[in-house]
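In: Sequence and predicted structure are below.
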Amino acid sequence: MATAAISHLSTFPNANSHPKHNRGFSPLSSCVSHFPISIHFRSSMPRGCPVRCQSIDTNERKSDRNLLDNASNLLTQLLSGGSIGSMPTAEGAVTDLFDRPLFFSLYDWFLEHGSVYKLAFGPKAFVVVSDPIVARHILRENAFCYDKGVLADILEPIMGKGLIPADLDTWKQRRRVIAPGFHTSYLEAMIKIFTDCSERTILKFNKLLEGESPNDQKSIELDLEAEFSSLALDIIGLGVFNYDFGSVTKESPVIKAVYGTLFEAEHRSTFYIPYWKIPLARWIVPRQRKFQSDLKIINSCLDGLIRNAKESRQETDVEKLQQRDYLNLKDASLLRFLVDMRGADVDDRQLRDDLMTMLIAGHETTAAVLTWAVFLLAQNPTKMKKAQAEVDSVLGEGRPTFESLKKLQYIRLIVIEALRLYPQPPLLIRRALKSDVLPGGYKGDKDGYAIPAGTDVFISVYNLHRSPYFWDSPNDFEPERFMVQRKNEDIEGWAGFDPSRSPGALYPNEVISDFAFLPFGGGPRKCVGDQFALMESTVALALLLQKFDVQLKGTPQSVELVTGATIHTKNGLWCKLSKRSNLHH
Ligand code: HEM
């Protein structure tokens with residue numbers, strides 16, 4: 001049996017001032033919970049473990065166990081958690097949850113207990129999955145045996161019946177209508193929007209550089225996480241409902257309301273008691289009153305946009321809609337598509353839920369990808385230079401197009417590698433609607449593991465992406481790893497990496513890797529915006545590197561991680577930005 005297997009994908013032959021830090025909000029206000037979790041686990045990273053989470057000595061942890069942990073495990077055995085099958089159990093863990101982000105602890109227990117284990121947590125137990133074969137079973141093969149569990153409860157007040165929390169009937173209906181909206185001509189038109197918005201950000205940086213002391217100023221210090229957040233907000237507004245937040249350059253009540261809502265989503269995902277469900281809480285608790293008022297501001301903005309789109313409706317068949325001349329349309333947005341589609345009439349409330357869901361789902365996730373890509377590149381100057389050389393040779397000083405994106409292979413792989421090391425969200429959440437038998441997975445029980453209806457499952461994408469069984473040097477930043485093809489010969493039930501399973505794919509995905517790489521989930525609930533987000537990140541990163549050299553302001557260790565759902569920094573990604581010294585156009 002091979003111990004370590006395959007980490008590589010082949011080349012793709014066919015692939016030819018953010019509210020949180022500078023607008024007077026709390027540092028958490030930018031931290032969108034795309035898919036939040038109902039356990040409080042916000043914390044800083046362990047000292048000396050900034051980027052790479054290594055396993056902590058098990059004995060040391062066991063001796064640290066305290067009463068709380070033991071009591072919690074006893075409870076788990078006595079109550080519902082004890083009824084979850086025969087799998088290994090991670091015990092004595094509760095204190096770990098408070099010291100650092102949950103996904104770090106889940107990684108250590110994965111190495112200790114294997115790729116399917118039970119996490120005893122007070123009266124509840126969760127099954128933690130870190131194996132591609134088991135993930136494939138839950139997400140694809142038996143997908144409709146699971147729903148989103150606690151996630152849906154938290155998101156419903158914000159997203160209503162949008163795709164992420166929607167019940168199965170609504171989901172089926174809306175997914176069929178929304179997914180075709182992300183067709184190729186739409187994505188090509190979006191590249192122009194990604195470029196326009198990125199250029200606005202770059203102009204701002206240039207102005208800051210030339211600003212106060214035009215002669216001396218060689219570099220500026222900036223929180224790039226905040227800047228990426230503004231950029232991603234502007235892009236999602238234009239792409240989804242043709243609304244320019246203009247947040248790169250200004251503040252507005254709507255922008256503040258968006259961040260307020262995101263802040264509340266994160267708060268809810270990390271707070272034990274859902275006090276907001278108590279009658280009258282929404283009127284009495286000040287932060288709940290603020291949340292209601294933020295929602296009202298966003299909703300009335302979205303309602304206005306829906307009204308306008310409906311007034312100018314031109315009803316057309318889907319095929320005709322996809323053939324429109326997107327590059328020259330004044331409004332190429334998804335809202336236009338959804339409103340104009342023949343036979344897809346929905347009430348305004350549903351449309352608003354759809355838009356809100358995409359606004360939230362597509363904003364901080366993409367900002368996080370850019371943040372970690374820069375964080376990783378800044379620590380690897382040779383790779384940064386290699387990326388810049390690619391941008392110079394493909395783009396020169398020009399703007400990206402769909403064609404040039406195909407040639408920016410290294411930039412695309414940097415984006416992908418950033419998503420491997422920092423998946424957003426690091427955990428996928430499911431609840432079993434019926435009893436099920438999970439496969440044992442690699443090195444697991446051959447008979448699998450029976451779980452009863454109601455079992456909460458975490459698929460740890462973080463563990464999958466850093467699994468020593470499926471990746472070489474799993475904690476290293478190696479975008480090149482995706483360019484080497486190797487076949488799996490040793491792991492039964494896992495098909496290995498094979499790009500021919502997804503011909504023409506610009507980016508490695510879960511099909512090519514047979515669920516070892518899951519940045520956008522998989523199966524029927526897979527992200528609808530994956531190509532949008534990947535192209536957006538590629539364009540923004542390419543344009544940044546075209547113009548600037550980036551260094552971290554402090555040490556990598558000083559960048560502390562926190563997570564509500566996306567992995568983000570505690571105090572911003574402070575960088576030094578200077579104009580490229582090696583421009584050779
Ligand atoms: C890098 C950026 C992004 C990442 C990492 C990401 C990740 C994900 C993941 C992992 C899921 C599956 C969740 C699950 O199975 O529980 C998902 C679902 C979803 N994402 Fe994204 N996403 C990103 C960007 C976007 C964008 C730009 C949009 C829209 C414009 C979007 C819209 C959605 C929607 C609507 C769903 C729910 C799909 C369904 O249940 O049918 N996402 N995303």
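Out: Thanks, I have the structure now.
In: can you list the residues of the stretch 401-550 of the chain near the ligand?
Out: Residues of the stretch 401-550 of the chain lying close to the ligand (C-beta under 6 Å from any ligand atom) are 424, 428, 519, 520, 521, 525, 527, 528, 529, 532, 533. To be clear about C-beta, it is placed using only N, CA and C from the backbone, and glycine gets the same treatment.
In: What of the chain?
Out: 35, 163-164, 175, 240, 357-358, 361-362, 365-366, 369, 424, 428, 519-521, 525, 527-529, 532-533.
In: Could you give me the buried positions within stretch 438-457?
Out: If you call a residue buried by 16 or more other C-beta atoms under 10 Å, then stretch 438-457 has these buried ones: 438-442, 444-445, 448-449, 451, 455-457.
In: does the residue in the stretch 151-300 of the chain that the ligand sits nearest to sit in a helix, a strand or a coil?
Out: The stretch 151-300 of the chain approaches the ligand most closely through residue 163 (4.0 Å), counting by C-beta to the nearest ligand atom. With DSSP: H, G, I helix; E, B strand; the rest coil as the basis, residue 163 sits in coil.
In: what sits against it?
Out: If a contact means C-beta atoms under 8 Å, 6 or more residues apart in numbering, then residue 163 has 171, 174, 175, 178, 354, 357, 528 as its contacts.
In: What are the boundaries of the helices in the stretch 101-250 of the chain?
Out: Taking DSSP state H, counting those that start in this stretch to define them, one finds helices in the stretch 101-250 of the chain at 102-113, 132-136, 150-159, 168-178, 184-211, 224-241.
In: so which of those comes closest to residue 570?
Out: helix 224-241 (10.3 Å; C-beta to C-beta).
In: other SSEs contacting the closest one?
Out: helix 19-22, helix 184-211, helix 286-311, helix 334-340, helix 348-361, helix 364-378, helix 530-547, strand 574-579 (3 or more C-beta pairs under 8 Å, 6 or more residues apart in numbering; DSSP states H and E).
In: and those as JSON lines, adding mean pLDDT and mean neighbour count?
Out: JSON lines is the format used below for the helices and strands packed on helix 224-241 (pLDDT from 0 to 100; neighbours: other C-beta atoms under 10 Å):
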{"stretch": "helix 19-22", "mean pLDDT": "40", "mean neighbour count": "22"}
{"stretch": "helix 184-211", "mean pLDDT": "95", "mean neighbour count": "18"}
{"stretch": "helix 286-311", "mean pLDDT": "92", "mean neighbour count": "16"}
{"stretch": "helix 334-340", "mean pLDDT": "94", "mean neighbour count": "23"}
{"stretch": "helix 348-361", "mean pLDDT": "94", "mean neighbour count": "23"}
{"stretch": "helix 364-378", "mean pLDDT": "97", "mean neighbour count": "27"}
{"stretch": "helix 530-547", "mean pLDDT": "98", "mean neighbour count": "24"}
{"stretch": "strand 574-579", "mean pLDDT": "96", "mean neighbour count": "18"}
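In: can you put these in TSV and add distance to residue 492?
Out: Listed next are those as TSV, based on distance: least, C-beta to C-beta, whole Å:
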stretch	distance to residue 492
helix 19-22	47
helix 184-211	38
helix 286-311	49
helix 334-340	42
helix 348-361	35
helix 364-378	33
helix 530-547	29
strand 574-579	45
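In: Among the residues of the stretch 401-550 of the chain next to the ligand, give me the pair with the biggest separation.
Out: Farthest apart among those by C-beta to C-beta are 428 and 532. That separation is 19.5 Å.
In: Wait, residue 291 touches residue 260, no?
Out: Yes: counting by C-beta atoms under 8 Å, residue 291 does reach residue 260; the two are 7.0 Å apart.
In: shared neighbours of the two, anything?
Out: With C-beta under 8 Å, 6+ apart as the test, residue 291 and residue 260 reach no residue in common.
In: low-scoring pLDDT stretches of the protein, where are they?
Out: For the chain, the stretches with pLDDT under 70 are 1-83, 85, 91-99, 121-123, 212-217, 269-274, 486, 488-489, 582-585.
In: give me that answer again for 50
Out: Low-confidence segments of the chain, defined by pLDDT under 50: 1-65, 78-81, 585.
In: Can you give me the domain assignment for it?
Out: Each domain of the chain is listed here as a residue range: 70-154+424-517, 160-423+518-579, per the TED database.
In: mind listing what residue 310 touches?
Out: Contact analysis of residue 310 by C-beta under 8 Å, 6+ apart lists 339, 348.
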